[in-house]
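Peer 1: what's the 3D shape of this:
(chains A and B)
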Amino acid sequence: DSGVTQTPKHLITATGQRVTLRCSPRSGDLSVYWYQQSLDQGLQFLIQYYNGEERAKGNILERFSAQQFPDLHSELNLSSLELGDSALYFCASSKGQLPYEQYFGPGTRLTVT
Amino acid sequence: SQQGEEDPQALSIQEGENATMNCSYKTSINNLQWYRQNSGRGLVHLILIRSNEREKHSGRLRVTLDTSKKSSSLLITASRAADTASYFCATDLLGAQKLVFGQGTRLTINP
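Peer 2: Sure thing, here's the model as predicted:
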């Protein structure tokens, strides 16, 4: 158990819908990272927040957004969902701003039908 | 294309044998990390090696880094069935605050 929690574990929704994925980092970790893992694209970095502020951005679509709240939990919002958004979404956390030794949550499996 | 590329893509060995996986990358890095992922689960951090280090050990794991060749290797000695997983290298690029993961090596340990 990494100490990072993610909800929900599974999510099935239809195209065009909007969903919110939630992540709670390990106690004491200030950075939260979001990743998307699909069979064809591998593990793709989406976005990082550090202590409530956006720190780094990766291949995140405009339809996707994220935020980190004062209690350090984070949410990833995915809207206008397409079939190709079906993937595993991971949250990871680390102590500092730099991406050393990240601790991954169990992931949310999103299926868009 | 991916910054880190693992080789081989898949590896199948007998329990007790050693497993070696390689990772190549393209640009200068701060450090390189190896992670393990059991099927459909979150990644687990194994080891971090800094750009000024050449070798690092952790239990049955040995990681080497050759910055002149832009490559790293992960050696798992005396493999066990529980080592069956995918192994990813991740590079922390100079000037970028993000990790770039390779496509991974799928390791199968046969009992």
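Peer 1: So is stretch B:28-42 next to chain A?
Peer 2: Yes. Judged by C-beta under 8 Å from any C-beta of the partner chain, stretch B:28-42 comes into contact with chain A through B:N30, B:N31, B:Q33, B:Y35, B:G40, B:R41, B:G42. C-betas here are computed from N, CA, C, even on glycine.
Peer 1: Now do the buried residues in stretch B:31-47.
Peer 2: B:31-37, B:41-43, B:45-47 (16 or more other C-beta atoms under 10 Å in any protein chain shown).
Peer 1: got it, and stretch A:60-73?
Peer 2: For stretch A:60-73, by 16+ other C-beta under 10 Å, it's A:I60, A:F64, A:A66, A:Q68, A:L72.
Peer 1: Residues in contact with the helix or strand harbouring A:E75: which ones?
Peer 2: Secondary structure assigned from DSSP states H and E places A:E75 in strand A:74-78. Applying C-beta atoms under 8 Å, 6 or more residues apart in numbering or on different chains, the external contacts of strand A:74-78 come out as A:18-23, A:25, A:32, A:34, A:46-47, A:49, A:63-69, A:85, A:89, A:91, A:110.
Peer 1: Sheet-wise, list the partners of it with their directions.
Peer 2: strand A:19-24 (antiparallel), strand A:64-68 (antiparallel) (DSSP bridges).
Peer 1: Can you tell me which of the buried residues of stretch A:60-73 is closest to B:S73?
Peer 2: A:I60 (31.8 Å; C-beta to C-beta).
Peer 1: Turn the strands paired with strand A:74-78 into TSV, columns for distance to B:S12.
Peer 2: Supplementary listing: these in TSV, determined by distance: least, C-beta to C-beta, whole Å:
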stretch	distance to B:S12
strand A:19-24	34
strand A:64-68	37
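Peer 1: Can I get these in JSON lines including mean pLDDT?
Peer 2: Formatted as JSON lines, the strands paired with strand A:74-78 follow (pLDDT from 0 to 100):
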{"stretch": "strand A:19-24", "mean pLDDT": "98"}
{"stretch": "strand A:64-68", "mean pLDDT": "97"}
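Peer 1: and of those, who's closest to B:S58?
Peer 2: Of all the strands paired with strand A:74-78, strand A:19-24 comes closest under C-beta to C-beta, at 27.1 Å.
Peer 1: what angle do whatever helix or strand comes next after the closest one and strand A:19-24 make?
Peer 2: Next helix or strand after strand A:19-24 toward the C-terminus (DSSP H and E): strand A:31-38. Orientation of strand A:31-38 against strand A:19-24 (axes from the mean of the first three to the mean of the last three C-alpha atoms, to 10 degrees) gives an angle of 130 degrees.
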